[in-house]
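**Student:** build the 3D model from these lines:
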Amino acid sequence: MKKTAIVTGGGSGIGLATAQRLHADGYEVFTVGLGEPEQRVEGIHYRELDVTDDEAVSSFFEPFERIDAIVNAAGIIDHNREWALEGFSRVMDVNLTAVMRITNAALPGLKAARGAVVNFASMLAIFGSAKTPAYASSKAAISELTRCMAVAWATDGVRANAVAPGWIMTNLSRRAFEDPTRSEGIMARIPMKSWGEPEDVANVIAFLVSDNARYVTGATLPVDGGYSIA
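**Tutor:** Below is the predicted model:
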């Protein structure tokens, strides 16, 4: 039986790279999110879904009897607006609450398949951020939520882990990369002396949802070239 993977935010960046990697690994992949994907790949199913909409999320998951992998890659950042309560709440809803919403809706299918969950933390889960308190707080909370999922669902055969990407070349980080001053400072701190590519994170996710990681749960794995330890 072909395994099923669902990737939120799979239309761009790391989510897109993950969808492509899992498709290459033989999964039947569904990506969900808003807007047109950056790239369409034959064989990947694209569905529009607002991950903050309870009813829409519940309806989406109803047909799935088995789900082998859920990758919660959907996320937003709102520079300079997150100190306002409206901006803070919006970012937290997409980055944190939606992860709970999506994974709860997927849980019966995950239990049936003894599947795996991968959530997205960030290097900002361990650093303070003057301009993005909601993003940083949501990503720190993701690590704890992932541990809670891992403990709660282990006896059902469901594993939950998180990745914490560092400076990865996506549209989300392009502004920093194209700013010579910021980019130089970032590069000086990365021990491996290069930015990561979305595929670098996708490869780790592919491992975490595979049987090769069958005894790994509750972990948050940095994928940052050593940035967070330098």
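**Student:** so which residue is dead centre in the protein?
**Tutor:** Taking Cα atoms, centre = their mean as the criterion, Ala73 is the residue nearest the geometric centre of the chain, at 2.7 Å.
**Student:** tell me which residues in the longest helix belonging to the chain are buried?
**Tutor:** In the chain, taking DSSP state H as the definition, the longest helix is helix 133-153. Neighbour-count burial for helix 133-153, counted by 16 or more other Cβ atoms under 10 Å, picks out 133-143, 145-147, 149-150, 153. C-betas here are computed from N, CA, C, even on glycine.
**Student:** tell me how far the lowest-mean-pLDDT helix or strand in the chain is from the chain's mean position?
**Tutor:** Taking mean pLDDT, DSSP states H and E as the measure, the chain has helix 174-178 as its least confident helix or strand, at a mean of 81. On the basis of Cα atoms, centre = their mean, to the nearest Å, helix 174-178 sits 21 Å off its chain's mean C-alpha point.
**Student:** now do that helix: everything it contacts.
**Tutor:** 167, 169, 182-183, 186, 195 (Cβ atoms under 8 Å, 6 or more residues apart in numbering).
**Student:** can I get that helix as PDB, trimmed to CA atoms?
**Tutor:** The C-alpha trace of helix 174-178 is given here as PDB (Å, rounded to 0.1, in the frame of the first residue of the first chain):
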ATOM      1  CA  ARG A 174      15.800  36.400   0.900                       C
ATOM      2  CA  ARG A 175      15.700  39.900   2.300                       C
ATOM      3  CA  ALA A 176      18.400  39.100   4.800                       C
ATOM      4  CA  PHE A 177      20.500  37.300   2.200                       C
ATOM      5  CA  GLU A 178      20.400  40.300  -0.200                       C
END
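**Student:** other SSEs contacting the helix or strand that that helix is followed by?
**Tutor:** Sequence-wise, the next helix or strand downstream of helix 174-178 (DSSP states H and E) is helix 180-189. Helix 180-189 is packed against helix 174-178, with contacts defined by 3 or more Cβ pairs under 8 Å, 6 or more residues apart in numbering; DSSP states H and E.
**Student:** buried set for the helix it packs on?
**Tutor:** For helix 174-178, a neighbour-count test (16+ other Cβ under 10 Å) marks Phe177 as buried.
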